[in-house]
Structures are given as C-alpha cells and as structure tokens.
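A.B. asks: The sequence isn't on hand, but the structure is:
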C-alpha cells in the first residue's frame, strides 16, 4: 500500500480521520465508476447530504465480514445462478432515534449506530434505508473494488470496520469519470485516490 509514497498515503489517512471525503477511482468491476468514500466512524448528516447532492448514487455502508455478521446482516445473494454477484446485505435502520429513516440525519444516525463499538444486531431493524455491502475477507487481492479499497484504508489507519460509499453520477444521470471530477476534487477538497495505488506491489 505504498505506491503513493508514505507521506501522501498518510495525508489521505489524516484526511479520512478528520472526517473528510475522498473519491475512489479505478474500480475494476464497474468499468471505471467513481465513488465518494469516507470512514463510517466519522459519518455526519452533512457528509451524507453532500454525497446525496453531489454523488446522486446509492449511499451504502461497506462493512468487514466480521462486523456484518456481528450485526446480523446477511447477504442478499442466495448463491443461485440468478444472483448479480454484488455483495449487498439486507438493508438496515437504527431501531431508535430515526423518523422516516431516509433523511441525511437518519441515515447518518443508522450508520453511527452500526459502527458503535458495542453495536449488536438488536440495535437495528430490517429492511431500512441504509444499504450494507459486505467486503471480501481477502480484500483487494481478491476483489479490486471501491468497497475493498475503502475498507483497506480504514483498516490501515485504525478508523474502524466500515466505509460509507456513494456512486457518482454526472448532472445528466450518466456515470462520472475521473476527468469530470478533477476540478470538483480541488474545489471541495476531496482527493482522488486510485485503487491501483493501494495494491501491494
């Protein structure tokens, strides 16, 4: 995980620790789609609102497999031939402290409940408005995606077992590409991180 150089990667880690968002690029499974990403342990309603406004895609909570199992989150895929292969778990909501569940506040609260050190399955209800993704236990070596990249970064910098992800679309509804986001990244202090630079060389 040092293709950036240690100082650049440490700066990304500090940015995430401070509650900042990054843009993950280079997902080999989604033809170059981009995601906003942030450490789930640092989630705020403001961050959820930013992703909903500027990303426009589905906001998901990526989790390590042990954390998902601890929370009683099971995969939606049945293992049968018609499955998409995407690692979605059953959607969740905080049992207490939410109203409709879909507001930025409510989704941030659900994520915070799921990431609490003492969180347990009874703290959540299903279905809900937060969509879990369950990371491959073998990480980027097995699955080169924004999910595993985000989990790897959070693990490296001791930021917990979860990452919030949001796919980024253009104004016209098509999927954004890196060239679309260069100016945005500078303006909004959201560094672009290429997954290829996170792979152990």
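C.D. replies: That came through, no problem. Keep in mind that this is a model prediction, so the values were computed, not measured.

A.B. asks: How many residues are close by residue 168?
C.D. replies: Neighbourhood size, residue 168 [other Cβ atoms under 10 Å]: 22. (Glycine included, C-beta is placed from N, CA and C.)

A.B. asks: for it, what are its contacts?
C.D. replies: 23, 33-36, 54-57, 175-176, 181 (Cβ atoms under 8 Å, 6 or more residues apart in numbering).

A.B. asks: Ramachandran angles for it?
C.D. replies: Note on residue 168: its backbone torsions stand at phi -110, psi 130 [degrees, to the nearest 10].

A.B. asks: Then the one 5 residues further on?
C.D. replies: Backbone torsions of residue 173, given as degrees, to the nearest 10, read phi 90, psi -10.

A.B. asks: From residue 141, how far off is it?
C.D. replies: From residue 173 over to residue 141 the distance is 34 Å, taken as Cβ to Cβ, to the nearest Å.

A.B. asks: Might one say that residue 50 is in contact with residue 21?
C.D. replies: Yes - taking Cβ atoms under 8 Å as the definition, residue 50 is a contact partner of residue 21 at 6.9 Å.

A.B. asks: anything in contact with each of the two?
C.D. replies: Residues touching both residue 50 and residue 21 (Cβ under 8 Å, 6+ apart) are residue 36.

A.B. asks: of the two, who's got more company?
C.D. replies: Neighbour count, other Cβ under 10 Å: between residue 50 and residue 21, residue 21 has more, with 24 against 18.

A.B. asks: give me every residue that touches the more buried one.
C.D. replies: 36-38, 47, 50-51, 188, 190.

A.B. asks: Show the model's pLDDT score for it.
C.D. replies: Listed pLDDT for residue 21 reads 99.

A.B. asks: Relative to residue 189, how far out is it?
C.D. replies: 8 Å.

A.B. asks: sorry, back to before: neighbour-wise, which one of the contacts of residue 168 leads?
C.D. replies: The most crowded member of those, judged by other Cβ under 10 Å, is residue 35 (30 neighbours).

A.B. asks: Ramachandran coordinates for that residue?
C.D. replies: Main-chain torsions, residue 35, degrees, to the nearest 10: phi -130, psi 140.

A.B. asks: And for residue 39?
C.D. replies: Backbone torsions of residue 39, given as degrees, to the nearest 10, read phi -60, psi 130.

A.B. asks: pLDDT below threshold where in this protein?
C.D. replies: For the chain, the stretches with pLDDT under 70 are 1-6, 78-85, 200-201.

A.B. asks: Could you check which of residue 173 and residue 141 is surrounded by more residues?
C.D. replies: Counted by other Cβ under 10 Å, residue 173 and residue 141 do not tie: residue 141 has more neighbours, with 11 against 7.
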